[in-house]
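Engineer: fold the stuff below for me.
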Amino acid sequence: MHSLAPETDVRAMNVVLDDARLVVDLMDGRTIAVPLAWYPRLANATPQQRSHWQLAGGGYGIHWPDIDEEKIGDRPQ
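Structural biologist: Down below sits the predicted model:
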């Protein structure tokens with residue numbers, strides 16, 4: 001049986017942080033933005049620390065090594 005829902009790829013492709021938001025571009029073309037206030041460590045980091053990120057877990061997570069912060073999204077089952 002086929003679903004009408006399009007295939008989704010929730011892996012991160014790009015990350016941008018500004019003074020107010022964490023913005024993640026996903027592999028399937030969607031962009032997700034959340035308030036930076038939800039992540040106090042990131043909110044209190046310097047712009048340099050915020051811009052130094054690495055994809056983790058095959059793209060299902062984002063790691064900021066300068067502040068030892070990691071965000072992991074949901075992996076498909």
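Engineer: so where is this protein shaky, pLDDT-wise?
Structural biologist: 1-6, 73-77 (pLDDT under 70).
Engineer: all strands for it, in order.
Structural biologist: Using DSSP state E, the strands of the chain run over 12-17, 21-26, 31-35, 54-56, 61-64, 69-72.
Engineer: thinking residue 31 is in contact with residue 22, fair?
Structural biologist: No. Using Cβ atoms under 8 Å, residue 31 is not in contact with residue 22; the gap is 11.2 Å. No exception for glycine: its C-beta is placed from N, CA and C like everyone else's.
Engineer: so which of those two has more stuff around it?
Structural biologist: residue 22 (22 against 11; other Cβ atoms under 10 Å).
Engineer: measure how buried the nearest residue to residue 70 once chain neighbours are set aside is and give me the count.
Structural biologist: In this structure, residue 70 finds its nearest non-sequential neighbour in residue 63, 4.6 Å apart by Cβ to Cβ, 6 or more residues apart in numbering. Applying other Cβ under 10 Å, we find 17 residues neighbouring residue 63.
Engineer: again, but for residue 62
Structural biologist: Residues lying near residue 62 (other Cβ under 10 Å) number 20.
Engineer: what separates it from residue 55, distance-wise?
Structural biologist: In this view, residue 62 and residue 55 are 6 Å apart by Cβ to Cβ, to the nearest Å.
Engineer: so in terms of bridging, what pairs with the residue nearest to residue 70?
Structural biologist: residue 54, residue 70 (DSSP bridges).
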